[in-house]
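Enquirer: coords please:
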Amino acid sequence: MVEEAVTTLRAELELFGRAEEGFALLEVFLDVARLRLGAVVLDPVGLRLPDEMTDDRAVVQKLIDEIDREPRGTARVPEREFDMEDEQARWDYVRLAYSSSQATVWSRRHRTTYFEASGQRRATYWLPDSLKTDYFEALSSRGWAIPPDWLTAVAKRPKPWWKRGGR
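Expert: Numbering: from 1, shown residues only. Next up, the predicted model:
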């Protein structure tokens, strides 16, 4: 089976004019990809507001404070899952993803990572061509500008599984 080509798109908050633009692009993505999504998770330990966030700082800080007060399980790697059918959960995830040390959006059966924010500094989308087309159409129809470097990004075929992993 030949895998669909995938485009890598950098999405660090500092690449946008305002952090809220990055949040809006993630929010549109989650809406467009909802039927394809598997787990949408983040590490709730050590959440910290990104410096770039301007709007909603107080609201998101309150959410972080509430999460910090929750009892922690004994799991070695804590993970908090968000229900993408719930509008409030999507809003929370979008703002917390960039506040987390690790946030990931998986495809069904965890075969593909669609989005990952890590270390509160890096963020990347990996989009198969069909999803990228749907996503870009949704962004345009909602009046959001697609970052110029995203428009020129070249899709590549993923390495076969036996060639992945450091080779």
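Enquirer: Any idea which residue is closest to the centre of the protein?
Expert: Compute the mean C-alpha point of the chain, and by C-alpha atoms, centre = their mean the closest residue is residue 115, 4.0 Å away.
Enquirer: That one against residue 135, yeah?
Expert: No: applying C-beta atoms under 8 Å as the test, residue 115 and residue 135 come out as separate, 10.7 Å apart. In this view, the C-beta of every residue, glycine as well, is placed from N, C-alpha and C.
Enquirer: shared neighbours, the two?
Expert: Common contacts of residue 115 and residue 135 (C-beta atoms under 8 Å, 6 or more residues apart in numbering): residue 29.
Enquirer: Who does the residue nearest to the centre of the chain form a beta bridge with?
Expert: Note on residue 115: beta-bridge partners by DSSP bridges are residue 105, residue 125.
Enquirer: Pull up the per-residue confidence for it.
Expert: Looking at residue 115, its pLDDT reads 95.
Enquirer: Would you enumerate the residues in contact with it?
Expert: Contact partners of residue 115, counting by C-beta under 8 Å, 6+ apart, are 11, 26, 29, 97, 103-105, 123-126.
Enquirer: for residue 140, same thing?
Expert: Per C-beta under 8 Å, 6+ apart, neighbours of residue 140: residue 146.
Enquirer: cool, the one 4 residues further on as well?
Expert: In this structure, residue 144 makes contact with 21, 24-25, 28, judged by C-beta under 8 Å, 6+ apart.
Enquirer: Can you tell me which of the contacts of residue 115 are buried?
Expert: 11, 26, 29, 97, 103-105, 123, 125-126 (16 or more other C-beta atoms under 10 Å).
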